[in-house]
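Colleague: Take this sequence and fold it.
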Amino acid sequence: IIPVYNVEPFLETCLDSVVNQTRKPDEVILINDGSTDNSQDICRRYSELHGNIVILSQENRGFTQAIYRGLDHATGDYICFVDSDDYIELNMIELLHDNIEKEEADICKCNVLQFNNIKYRKFPGSKIDGRVVLNGKKEIMGGFVRRTISTYTWDGIYKRELFEGVDYRHIRKHANMFILPDVLLRSNKVVVIPEKLYFYRERRGSIVRSFDENRFYQLEGMQYLRKVLTDNGMFEDYSEYYYKLFSLNVLRIMKDAVKYNNYETYLKYYNLIMENITTEDVIAVSGLNILHRNKKRLFDLMIHRRFVFFLKIKYIKYRNKR
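Modeller: Presented below is the predicted three-dimensional model:
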């Protein structure tokens with residue numbers, strides 16, 4: 001399933017990596033989400049060359065709704081998601097499929113490399129150091145909040161039945177934190193392999209890498225994760241890891257708010273995020289032993305000295321450009 005929106009410069013690279021897999025996908029579902037560039041023409045050209053490509057077109061409804069439409073039309077035994085400005089290793093589907101079949105698992109995930117026009121580097125959201133097999137709902141959810149299982153949908157394959165009967169259409173943006181907890185709770189076994197098979201393109205203006213108010217739905221996703229853990233009697237067991245994940249997400253949002261905006265706009269986003277942080281959250285983060293002290297200091301700086309935080313992030317951005 002590949003949502004497509006104004007990715008003309010990158011789409012061919014993505015599609016080439018998918019159609020040339022060593023294990024051919026039964027179907028490739030392209031959801032053109034109201035593109036205004038030549039993305040639709042590229043999709044049509046590839047569909048004429050490859051009989052397993054299906055194109056679904058819609059007015060622009062957003063990344064999340066495009067994913068749901070793809071799920072509604074999928075018929076294969078397994079589901080794989082790819083962002084249309086990224087690409088995958090040519091043996092990704094084969095390796096993931098072989099592992100999921102060998103282990104009789106419900107999900108298999110891999111490692112990710114992040115890249116830009118200059119270099120490739122380890123994806124910061126990935127904590128995979130070796131092969132891991134997780135059994136049972138509690139162990140699987142523990143792997144999720146510890147980030148052994150990534151918080152993204154696009155670095156693995158899933159049994160299609162995990163999505164059946166679940167209606168996610170009410171979710172507006174940033175599906176990962178809403179989809180994955182439910183899907184993981186339906187799973188009995190998850191395999192994580194260390195091979196770097198997914199390549200995540202770092203660029204501004206992409207589907208999930210631009211900055212606007214929609215980024216704050218990530219916090220709603222964290223609140224949803226907490227609800228799932230609480231409802232299933234797991235929050236007390238994993239509260240430390242939850243608050244570590246929560247603090248890192250908040251810092252990432254606010255660092256991007258600084259990088260891409262002036263101080264006045266940053267203040268608007270700062271006030272929005274502070275409306276979603278409780279005193280309980282601040283106390284919990286300040287007491288974490290598993291959060292690196294530099295991250296803890298930065299979180300404290302953000303909470304209590306917003307202007308100094310703004311200057312510090314601007315300085316780091318300037319220093320890294322030199």
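Colleague: ok, now which ones touch Asn135?
Modeller: 188-189 (CB atoms under 8 Å, 6 or more residues apart in numbering). C-beta: built from backbone N, CA, C; applies to glycine.
Colleague: So it versus Phe163, what's the distance?
Modeller: 21 Å (CB to CB, to the nearest Å).
Colleague: Find the least confident helix or strand in the chain, judged by mean pLDDT.
Modeller: strand 120-122 (a mean of 79; mean pLDDT, DSSP states H and E).
Colleague: Just the helices from this protein, written as ranges.
Modeller: Taking DSSP state H, the helices of the chain run over residues 8-19, 39-49, 63-73, 92-102, 137-145, 176-185, 217-231, 235-259, 263-274, 279-286, 293-304, 306-321.
Colleague: Same list, the ones you listed, but as a markdown table with mean neighbour count and distance to Arg203 please.
Modeller: What follows is those, written out as a markdown table (neighbours: other CB atoms under 10 Å; distance: least, CB to CB, whole Å):
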| stretch | mean neighbour count | distance to Arg203 |
| --- | --- | --- |
| helix 8-19 | 18 | 8 |
| helix 39-49 | 17 | 15 |
| helix 63-73 | 20 | 15 |
| helix 92-102 | 19 | 21 |
| helix 137-145 | 20 | 27 |
| helix 176-185 | 20 | 19 |
| helix 217-231 | 18 | 19 |
| helix 235-259 | 19 | 13 |
| helix 263-274 | 15 | 21 |
| helix 279-286 | 14 | 30 |
| helix 293-304 | 15 | 25 |
| helix 306-321 | 13 | 16 |
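Colleague: Just give me the lowest mean pLDDT stretch among those helices.
Modeller: Ranked by mean pLDDT, those end with helix 306-321 in last place, scoring a mean of 82.
Colleague: That helix packs against which elements?
Modeller: Applying 3 or more CB pairs under 8 Å, 6 or more residues apart in numbering; DSSP states H and E, one finds that helix 306-321 contacts helix 235-259, helix 263-274, helix 293-304.
Colleague: between those, which gets nearest to Ile313?
Modeller: In terms of CB to CB, the element of the helices and strands packed on helix 306-321 nearest to Ile313 is helix 235-259, at 4.0 Å.
Colleague: before we move on, back to that, closest to Ser57 out of the helices of the chain?
Modeller: So among the helices of the chain, helix 39-49 is nearest, using CB to CB, at 7.0 Å.
Colleague: Restrict that closest one to CA atoms and write it as PDB.
Modeller: The C-alpha trace of helix 39-49 is given here as PDB (Å, rounded to 0.1, in the frame of the first residue of the first chain):
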ATOM      1  CA  SER A  39       2.500  11.800  -9.800                       C
ATOM      2  CA  GLN A  40      -0.800  10.500 -11.300                       C
ATOM      3  CA  ASP A  41       0.800  10.100 -14.800                       C
ATOM      4  CA  ILE A  42       3.700   8.200 -13.300                       C
ATOM      5  CA  CYS A  43       1.300   5.900 -11.500                       C
ATOM      6  CA  ARG A  44      -0.600   5.300 -14.800                       C
ATOM      7  CA  ARG A  45       2.600   4.500 -16.700                       C
ATOM      8  CA  TYR A  46       3.700   1.900 -14.100                       C
ATOM      9  CA  SER A  47       0.200   0.300 -14.000                       C
ATOM     10  CA  GLU A  48       0.400  -0.100 -17.800                       C
ATOM     11  CA  LEU A  49       3.700  -1.900 -17.400                       C
END
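Colleague: Distance to Cys14 for the helices and strands packed on helix 306-321 - can I get that in TSV?
Modeller: TSV is the format used below for these (distance: least, CB to CB, whole Å):
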stretch	distance to Cys14
helix 235-259	24
helix 263-274	30
helix 293-304	33
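Colleague: What separation is there between Cys14 and Asp155?
Modeller: 15 Å.
Colleague: same question for the top strand by length along the chain, mean pLDDT?
Modeller: When the chain is parsed with DSSP state E, its longest strand is strand 189-201. Mean pLDDT, strand 189-201: 95.
Colleague: Give the pairing partners of it; include direction for each.
Modeller: Sheet pairing of strand 189-201 (DSSP bridges) gives strand 87-88 (antiparallel), strand 107-115 (parallel), strand 132-135 (antiparallel).
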